[in-house]
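Asks: no sequence for this one, just the structure:
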């Protein structure tokens, strides 16, 4: 999606291109997107994403997103 047109990003994820985030996958009702994350993210204590808008960021700590 990083190379997709703004129309495709808006259609599939319902966000503007500057707010593209893995959190937008919740809007992918057609399952058209295959998420790919860099493996180094899996070892991070916290990862930060835009929460579907590009005017703020949210930090997700490992205990919130990784199975124990």
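Replies: Thanks, I have it. Small disclaimer: the values here were computed from a predicted structure and weren't measured.

Asks: give me the element residue 10 is part of.
Replies: Taking DSSP states H and E as the definition, one finds residue 10 inside helix 6-13.

Asks: which residues in the chain form strands?
Replies: All strands of the chain, identified by DSSP state E, fall at 46-49, 58-61.

Asks: isn't residue 24 up against residue 14?
Replies: Yes - with contact defined as C-beta atoms under 8 Å, residue 24 reaches residue 14; the gap is 7.0 Å. Using the backbone N, CA and C atoms, a C-beta is placed for each residue, glycine as well.

Asks: overlap in contacts, these two.
Replies: residue 52 (C-beta atoms under 8 Å, 6 or more residues apart in numbering).

Asks: the more surrounded of these two?
Replies: More crowded of residue 24 and residue 14, by other C-beta atoms under 10 Å: residue 24, with 21 against 14.

Asks: quick revisit: of the strands of the chain, which approaches residue 39 most closely?
Replies: strand 46-49 (12.5 Å; C-beta to C-beta).

Asks: what residues does that closest one touch?
Replies: Counting by C-beta under 8 Å, 6+ apart, 21, 22, 23, 41, 57, 58, 59, 60, 61, 62, 65 sit against strand 46-49.

Asks: quick one, which of those are buried?
Replies: Buried residues within these, defined by neighbour count using 16 or more other C-beta atoms under 10 Å: 21, 22, 23.
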